[in-house]
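# Okay, predicted coordinates and the sequence, questions at the end:
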Amino acid sequence: MPIVVQKYGGSSLADADSIKRVAQRITETKKAGNDVVVAVSAMGDSTDELLDLATEVSPLPPARELDMLMTAGERISMALVAMAISDLGYTARSFTGSQAGVITTAVHGNAKIIDVTPGRITEAIGKGHIVIVAGFQGVSQDTKEITTLGRGGTDTTAVALAAALGAQVCEIYTDVDGVFTADPRIVPAARKIHRISNEEMLELAASGSKVLHLRSVEYARRFDMPIHVRSSFSHKEGTIVTDQPAPEGEPVEAPIIAGVAHDRSEAKITVVGVPDTTGKAAQIFTALAVAEINIDMIVQNVSATETGLTDISFTLPKTHGTTAMQTLQRISGTVGFTGLLYDDQIGKLSLVGAGMRSNPGVSATFFRALAETEVNIEMISTSEIRISVITRADRLDEAARAVHTAFGLDSTDPGGEAVVYGGTGR
């Protein structure tokens with residue numbers, strides 16, 4: 001039988017009734033003639049609650065013990081879903097990430113999947129069981145310790161399992177009806193996208209779209225695994241994320257713009273008064289790399305002729321802000337800059353679309369929409385299929401709606417306003 005891998009997020013498993021509804025959906029897929037493997041997240045906001053509890057007990061909990069704690073939520077979910085399936089007359093077997101053969105690097109809190117050896121899963125499938133796997137976790141290849149994959153990591157667990165099992169499709173169930181042209185929470189007129197390429201989905205995910213975890217899309221592209229994004233609260237068709245050609249007879253969408261994404265999770269650091277000489281930027285970013293800090297956008301100002309000094313600004317996750325400032329302060333004497341500025345009240349707005357390559361005027365329309373809304377731009381970054389700008393966080397929603405309208409992305413379907421069923425969209 002074909003294998004279907006499904007993933008259910010925390011909002012889909014928020015309480016006992018939700019778990020029963022998910023179990024019903026899983027058994028319907030089994031009844032349709034498929035072998036089913038399911039990756040589950042922790043119930044509702046239980047991961048955040050565990051994290052809050054950890055910080056109450058210890059301001060700086062050891063990374064190993066934090067991973068042990070964080071993985072408990074998914075283990076609770078997997079057991080409860082298996083119980084609900086049993087009540088519907090089917091047999092289910094639940095496995096932790098390590099039992100399922102998810103092998104990772106040794107980095108606690110943000111490990112990457114190295115391999116999946118699904119021996120126990122295939123054995124359970126062979127016996128006719130539905131398999132439930134705790135998402136977001138694995139076991140280190142080197143240390144044999146339990147690890148976690150970072151927030152949203154259950155998406156990546158599901159895609160990795162699908163690739164290892166040769167599944168027909170990986171279905172990601174969330175609390176919206178698919179991938180939209182913008183976050184329907186801030187752009188109610190957003191339209192659902194029927195089909196989107198991995199390249200465009202990668203850019204949207206990297207730019208702040210929370211419907212799919214970035215690494216899950218990277219994994220899917222590497223193994224040519226189609227992802228079907230759907231809602232666990234409805235039976236609407238959802239969105240297919242794939243580079244495979246559309247089936248014959250299916251209308252092919254070819255919009256210039258795929259969507260608008262926003263991100264409030266970043267901060268900006270400006271290194272003031274950097275000597276404009278060879279190697280100074282290398283010293284700054286090497287130190288940040290050693291501290292394992294991810295950098296997003298970078299802008300260097302033109303050097304002042306009279307002083308020979310320049311400013312370098314860059315964005316990074318807010319969660320890395322304190323570490324980055326401490327790292328830079330330690331090298332201030334070596335680099336010779338005069339000061340540091342930190343700003344966490346910024347927002348990033350991104351426009352994504354493969355059609356940008358061959359359609360002039362996209363940038364003009366984008367910046368005109370922001371100008372007409374009187375939104376000031378602080379930084380600009382581009383790729384072949386993306387334009388991103390940094391602006392004030394309190395103007396981000398307004399900017400997103402203006403750009404969405406300017407590119408004709410607003411839904412024209414009467415009563416077709418996007419529905420957010422609950423939770424955070426993951």
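Nice, thanks for sending it over.
# so is residue 247 in a helix, a strand, or just coil?
coil (DSSP: H, G, I helix; E, B strand; the rest coil).
# how far away is residue 412 from residue 43?
From residue 412 across to residue 43, the span is 38 Å (CB to CB, to the nearest Å). In short, each C-beta sits where N, CA and C put it, glycine included.
# Look at those two and report which has more neighbours.
Taking neighbours as other CB atoms under 10 Å, residue 412 and residue 43 compare with residue 43 leading, 23 against 8.
# There's contact between that one and residue 15 in this structure, I believe.
Yes. Contact criterion CB atoms under 8 Å: residue 43 and residue 15 qualify, at 7.4 Å.
# is it true that residue 243 touches residue 197?
Yes. Residue 243 is within contact range of residue 197, at 5.7 Å (criterion: CB under 8 Å).
# Can you pull out the low-pLDDT segments for the stretch 101-250 of the chain?
By pLDDT under 70, the weakly predicted segments of the stretch 101-250 of the chain are 248-250.
# That one: helices as residue ranges?
Using DSSP state H, counting those that start in this stretch, the helices of the stretch 101-250 of the chain run over 119-126, 153-165, 198-206, 214-222.
# out of the ones you listed, nearest to residue 310?
helix 198-206 (27.5 Å; CB to CB).
# Would you indicate which residues of that closest one are buried?
198, 199, 200, 201, 202, 203, 204, 205, 206 (16 or more other CB atoms under 10 Å).
# Save these as TSV, and put in distance to residue 388 too.
Below are the buried residues of helix 198-206 laid out as TSV (distance: CB to CB, whole Å):
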residue	distance to residue 388
198	19
199	16
200	14
201	16
202	14
203	9
204	11
205	13
206	9
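# Any idea what residue 5 is bridged to?
Residue 5 has these beta-bridge partners by DSSP bridges: residue 37, residue 170.
# how many neighbours does the closest residue to residue 401 other than its chain neighbours have?
Once flanking residues are discounted, residue 401 sits nearest to residue 187: 5.4 Å by CB to CB, 6 or more residues apart in numbering. Using other CB under 10 Å, residue 187 has 25 neighbouring residues.
# Just to check, residue 187 is in contact with residue 402?
No. Residue 187 is not in contact with residue 402 according to CB under 8 Å; the separation is 9.9 Å.
# SS state for residue 273?
strand.
# Next, the residue lying closest to it once chain neighbours are set aside: phi, psi?
Spatially, and ignoring its direct neighbours in sequence, residue 273 is nearest to residue 338 (3.1 Å; CB to CB, 6+ apart). When quoted as degrees, to the nearest 10, the phi and psi of residue 338 stand at phi -100, psi -20.
# quick one: contacts for residue 338?
272, 273, 309 (CB atoms under 8 Å, 6 or more residues apart in numbering).
# now it: how far from residue 310?
With CB to CB as the criterion, residue 338 and residue 310 are 11 Å apart.
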